[in-house]
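J.: next comes the sequence, and after it the predicted model I'd like to discuss.
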Amino acid sequence: MYLNCHTYYSLRYGTIAPKQLLAIAAANGINMLALTDINNTSACLDFVRLSDKYNIKPVIGVDFRNGAQQQFILIAKNNNGFQNINSYLSHFLHNQELQIPEQPESDIKDCYVIYPYQKNKDYYLKPNEFLGVKPKDLNALKFSKWNKLQHKLVVLKTVSFQNKKDFNTHRLLRAIANNSLLSKLPKSEEGQETDKMMSYKELYETYQEFPKILENTAALLNNCTIEFDFIQETPNNQKSYTKTEYLDYKLLEKLTYDGLKYRYKNPDEVIYNRIKKELEIIKEKNFVSYFLINWKILKYARSKGYFYVGRGSGANSIVAYLLRITDVDPIELDLYFERFINLYRKNPPDFDIDFSWTDRDDITNFIFKTFKNTALLAVYNTFKFKASVRELGKVFGLPKSEMDVLTRGRYNLNNLDNLSQLVLKYSEYIQGFPNYLGIHASGIIISEKPIHHYTATFLPPKNYATTQFDMVVAEDIGLYKFDILSQRGLGKIKDTVAIVKQNHPEEAPFDIHDIKRFKEDEKIKHILKNAKAIGCFYVESPAMRMLLKKLQVDNYLGLVAASSVIRPGVSKSGMMREYILRYRHPERRKDAHPVLLEIMPETYGVMVYQEDVIKVAHIFGGLTLGQADNLRRGMSGKFRSREEFLKVKQHFFDNCKKSNKPEKLTAEIWRQIESFAGYAFAKGHSASYAVESYQSLFLKAYYPLEYMVATINNFGGFYSTELYVHEARMHKGIIEAPSINHSFSEAIIKGDIIYLGFMFLHALEAKTIKNSLKERQKNGLFQSLDDFIERVPISIEQICILIKINAFRFTEINKRELLWEAHLKISKTVFEEHIMTLFKTEKINYKTPKLSSTDLENAFDEMELLGFPLCNPYHLLQIPTSNTMRAEHLIRFQNKIITIEGYLVTTKYTTTSNGKRMYFGTFLDYDGDFIDTVHFPPVAAKYPFRGKGIYTITGKIMVEFDCVNIEVLNMERAAIIEDPRYAVNSSNATFQNKKSFADNKARLLPSMPSKALKQNPKTIQ
């Protein structure tokens, strides 16, 4: 009997979850219910899917409103009506400037229209239009003309809240939506506190004087039928690529066999049998068009010269390999095709295709132009606790300082005032509520039916239609996504290839896809084994650097395993250490259970990949492949993953008991399996990562400077730009600050000299960069500051940035003098275009005082404009270091306490079992080598990180598997000199200048050469 129910997908208005709404209705004896969220259809399909469990007939529609002001409600009579509603709503969502009118401009077929009684009572009503009468309207109705026209009236009892707390929450959400203090929120922007569900009996009693209205409402709901198939065997994606499914299969078969000559020199029977098996399953599961659409997208990418990586479990398919969707040979790696597609798999597979971040938008554009029913998938961006505290803090009018205290958690609840306690209470309550719709990082759906058959769409800034539901709902309805991702790693590879061609024109071109050659390359093996892979995809982080060193990885299979061992699933199970021990000490492999060792000989009986878990569950635990697929779903990390695990747990234990496996062993194996929930990699996924790693390792090995330039221009990877600049220096690159006659927007390399780009200068406008480069390209190099000012329109603020970074150093005039000149010669008003004159006017040259600037001042200018100095940061210490301890010496002092200085690179924290934080630090020593530290909770609390800088670290040297860590006991940040540009007393600066900047080498080299270690009593305790 309810025609106007809201869930919390009535964003920043409703407060009830869809499942909760159905439960409330069932408890109140309601058997028919219309979900009509405000300008939103996110919950509709889930509402329909869940309704059977509550014995409720679902009806769906949309409540059309401007803000909180209800205009009308559209309710779908059937699926066609729902599609029409979605199309109509999308019209407004695609153009935010449009206001929703008081009534639909045109007839929307297969729908009922309900107008609020008070607002629309004078309209002529069409056969499908009704007035909704609220309980508060009943007295007025007795004296209205509509009392005699009751056949056009229905019950309009809005449901938005469950109780008083929900209503209070609603008011807070409305204040957030209106960016208003709660005390200033207009009543017109709120719902009514009475917008709660009554029992059927209460509703009947409320409208008992008007039984006709109750009859009309029941008849309307009875006349609505909506059906979606949530247990479909056939996907709802575009059915055919070629117009017929028969031709689709023939094309797929042809493309597969045509790919043999590209991938294999001498294909054998194993390969042909695998192809036959895969094609049969792909055809039976109706995934032929899915493969062909991916093939089409990537064929276009190759035609444009775009780099891409096909990864995920799709790499387990030889058909995908032959179609060049992936670059991983599943035969070589013995990849398990059933992990990707099997006859028991209930949810559809997907390929993850990575493109360079610069190419992805064009690929997306191609997909939308090529395929008819296409949309991006949405994500529900929910309220997070800390963000909610800030939002609600503003609503209650708390000052920023109080909000900071609450978000940091540094308070005693009993000492907080009432408002602060309310902020915390309601922040906790709305945590997880949807806040707004965003765009899924990669998901695109290509449907057989129009997208509006399933959902309305909105138009985010990317200007591509985007669904109002997420990937879980899409999967429920049989729409499996195409994952088009972007990453900077591919951008680095693509750019490096181009830079190498430019910087080494005399060299023969190389094939970046020649992975077989890279696997045998000795230089690459050396880099891997010694963990010298800074900048390289997936193998540069401190944790991966440590793991590679511990495993002494120098081959492809080892790297594939490492890519998965690093994941939380293996480490959480406690088997990472065991894997390392078995890798390094073959005699320990016999400790593995014989069945596990037989299942996983390559990983010494340790579960590393998703496939391993599935095999162990199937062979060791006796689960069927269908049950094992539930485990695979559980390991995906997606919504509802824990439920999938619990479904098969009892079967696993029962089967192991029947086969007389020791109870203790069974429990241990299940504990390891369970640790993989949400974390495990498919082996094909790891193998795909390893392919890209090898490409970047090849470039780092043979073209380190060019590779670092590409890394810098693609804004790095795991680390900041500063570290990649440092890494270039470590490979004998000469780093130059931006130069007005040499630099471009991005960094460039000439020989071994790297000129940083203008885009790295803070506050330098894109317009300034564009004008400068355009003029230089058109009329040649700049001859002087006067020449630049004459030719380029620029403000005094912008030219000061260029002068301070020493971009005019070719003039050999000190930059302090140039700053004086610029202030005297540049007007405050800047014209976009220079006025052309017949004669060039001579510039007036003012006599400026002779000024000087030191290298120290330059370093502080660089920190201000680039974010880091181009000199060795140790030269900026207030007290120059006399400590000769270096990172390379640490291994000699195992279990001893030492003191060393380190320049902070990055930190990472984790939470211990008792809820306290411990940290891992990465530093650079004076010579530029890495120092790794561990900070246990007591030390981390007593000696916290205090931002960027050089720290004096005292700690115990721990060595495990050739990896050195300092277990920190004491840490203090060292003071740097006072900024000499503003210092009153510059004697310290002068001293440091003489000591550390004697010549230009300090700016170009990472540091002084390492000295022989002396056992200084100050450094060893």
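T.: Sure, I can see it.
J.: contacting residues for the residue nearest the centre of the chain?
T.: Centroid check for the chain by C-alpha atoms, centre = their mean gives Ala441 as the closest residue, at 6.3 Å. Counting by C-beta atoms under 8 Å, 6 or more residues apart in numbering, Ala441 touches 379, 485. To be clear about C-beta, it is placed using only N, CA and C from the backbone, and glycine gets the same treatment.
J.: surely it is within a strand?
T.: Yes. The assignment for Ala441 (DSSP: H, G, I helix; E, B strand; the rest coil) places it in a strand.
J.: so which elements touch the longest helix seen in the chain?
T.: Identified as the longest helix of the chain according to DSSP state H is helix 683-702. When contacts are defined as 3 or more C-beta pairs under 8 Å, 6 or more residues apart in numbering; DSSP states H and E, helix 683-702 sits against strand 308-311, helix 488-503, helix 515-520, helix 522-529, helix 556-565, helix 704-713.
J.: for Asp327, which non-adjacent residue is spatially closest?
T.: Val691 (5.1 Å; C-beta to C-beta, 6 or more residues apart in numbering).
J.: partner residues bridging Tyr909?
T.: Beta-bridge partners for Tyr909, by DSSP bridges, are Tyr919.
J.: OK, contacts around it?
T.: So Tyr909 contacts 917-920, 940 (C-beta under 8 Å, 6+ apart).
J.: redo the residues you listed as JSON lines? Include pLDDT.
T.: Output for those, formatted as JSON lines (pLDDT from 0 to 100):
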{"residue": "Arg917", "pLDDT": "92"}
{"residue": "Met918", "pLDDT": "95"}
{"residue": "Tyr919", "pLDDT": "96"}
{"residue": "Phe920", "pLDDT": "96"}
{"residue": "Ala940", "pLDDT": "95"}
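J.: by neighbours, which of those wins?
T.: Using other C-beta atoms under 10 Å as the neighbour criterion, Ala940 leads the contacts of Tyr909 with 20 neighbours.
J.: what's near enough to touch that residue?
T.: Ala940 neighbours (C-beta under 8 Å, 6+ apart): 909, 917-919.
J.: what helix or strand is it located in?
T.: helix 937-942 (DSSP states H and E).
J.: in that helix, which residues are buried?
T.: Within helix 937-942, the residues that qualify as buried are 939-940, counting by 16 or more other C-beta atoms under 10 Å.
J.: what does stretch 786-802 give?
T.: Neighbour-count burial for stretch 786-802 [16+ other C-beta under 10 Å]: 786, 788-795, 798-802.
J.: cool, stretch 864-879 as well?
T.: 864-866, 868-877.
J.: which other residues reach stretch 544-563?
T.: 333, 519, 525-526, 528-531, 533, 538-539, 565-566, 579-580, 583-584, 602-603, 608, 681, 683, 686-687, 689-690, 693-694, 930, 932, 960-963.
J.: got the end-to-end distance for it?
T.: Stretch 544-563 has an end-to-end distance of 8 Å (C-alpha to C-alpha, to the nearest Å).
J.: state the mean pLDDT of that stretch.
T.: For stretch 544-563, mean pLDDT is 91.
J.: with stretch 595-607 instead?
T.: The model assigns stretch 595-607 a mean pLDDT of 89.
J.: just the buried subset of the contacts of stretch 544-563, please.
T.: Neighbour-count burial (16+ other C-beta under 10 Å) is assigned, among the contacts of stretch 544-563, to 333, 519, 525, 528-529, 531, 533, 538-539, 565-566, 579-580, 583, 603, 608, 681, 683, 686-687, 689-690, 693-694, 930, 932, 963.
J.: and Tyr8, how far is that from Asn713?
T.: 43 Å (C-beta to C-beta, to the nearest Å).
J.: between the two, tell me which one has more neighbours.
T.: Using other C-beta under 10 Å as the criterion, Tyr8 and Asn713 rank with Tyr8 on top: 30 against 25.
J.: helix or strand: which one has that one?
T.: Applying DSSP H and E, one finds Tyr8 in no helix or strand.
J.: with Ile735 instead?
T.: strand 734-736.
J.: Asp350 now?
T.: Assigned by DSSP H and E, Asp350 falls within no helix or strand.
J.: show me the contacts for it.
T.: 312, 314, 480-483.
J.: using TSV, lay out those together with neighbour count.
T.: Converted to TSV, those look like this (neighbours: other C-beta atoms under 10 Å):
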residue	neighbour count
Gly312	24
Gly314	29
Tyr480	21
Lys481	21
Phe482	22
Asp483	22
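J.: JSON lines for the residues you listed, including secondary structure?
T.: Output for the contacts of Asp350, formatted as JSON lines (three-state DSSP):
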{"residue": "Gly312", "secondary structure": "helix"}
{"residue": "Gly314", "secondary structure": "helix"}
{"residue": "Tyr480", "secondary structure": "coil"}
{"residue": "Lys481", "secondary structure": "coil"}
{"residue": "Phe482", "secondary structure": "strand"}
{"residue": "Asp483", "secondary structure": "strand"}
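J.: and which of these is nearest to Trp357?
T.: Asp483 (15.0 Å; C-beta to C-beta).
J.: just to revisit the earlier point, CA atoms only: put the helix holding Ala940 into PDB for me.
T.: The C-alpha trace of helix 937-942 is given here as PDB (Å, rounded to 0.1, in the frame of the first residue of the first chain):
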ATOM      1  CA  PRO A 937      54.900   0.700  18.900                       C
ATOM      2  CA  PRO A 938      56.700   2.000  22.100                       C
ATOM      3  CA  VAL A 939      59.500   3.600  20.000                       C
ATOM      4  CA  ALA A 940      57.100   4.800  17.300                       C
ATOM      5  CA  ALA A 941      55.100   6.600  20.000                       C
ATOM      6  CA  LYS A 942      58.200   8.100  21.800                       C
END
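J.: excluding sequence neighbours, find me the nearest residue to Glu227.
T.: Asn79 (6.5 Å).
J.: neighbours of that neighbour, how many?
T.: Asn79 - counted by other C-beta under 10 Å - has 17 other residues nearby.
J.: so which residues of the stretch 201-350 of the chain form helices?
T.: 211-222, 245-258, 260-263, 269-284, 288-303, 318-322 (DSSP state H, counting those that start in this stretch).
J.: just put these in CSV and tack on mean neighbour count and distance to Gln431.
T.: Shown next, in CSV, are those (neighbours: other C-beta atoms under 10 Å; distance: least, C-beta to C-beta, whole Å):
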stretch, mean neighbour count, distance to Gln431
helix 211-222, 17, 34
helix 245-258, 16, 47
helix 260-263, 13, 50
helix 269-284, 15, 43
helix 288-303, 19, 37
helix 318-322, 27, 40
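J.: which one of those helices lies nearest to Arg632?
T.: Using C-beta to C-beta, the nearest of the helices of the stretch 201-350 of the chain to Arg632 is helix 269-284, at 15.6 Å.
J.: by how many degrees do the closest one and helix 288-303 diverge?
T.: Taking axes from the mean of the first three to the mean of the last three C-alpha atoms, to 10 degrees, one finds helix 269-284 and helix 288-303 inclined to each other by 120 degrees.
J.: other residues contacting helix 269-284?
T.: 249, 252-253, 256-257, 260, 264, 288, 291, 317-319, 322, 330-331, 337, 341-343.
J.: at 7 Å instead, please
T.: Helix 269-284 has contacts (C-beta atoms under 7 Å, 6 or more residues apart in numbering) with 249, 253, 256, 264, 288, 291, 317-319, 331, 337, 341, 343.
J.: residue ranges with poor pLDDT in the protein?
T.: 120-123, 339, 342-349, 569, 572, 633-645, 677-680, 827-851, 984-1021 (pLDDT under 70).
J.: hey, where'd the strands end up in the stretch 751-900 of the chain?
T.: 753-755, 897-911 (DSSP state E, counting those that start in this stretch).
J.: closest one to Leu764 among those?
T.: Using C-beta to C-beta, these put strand 753-755 closest to Leu764, at 14.7 Å.
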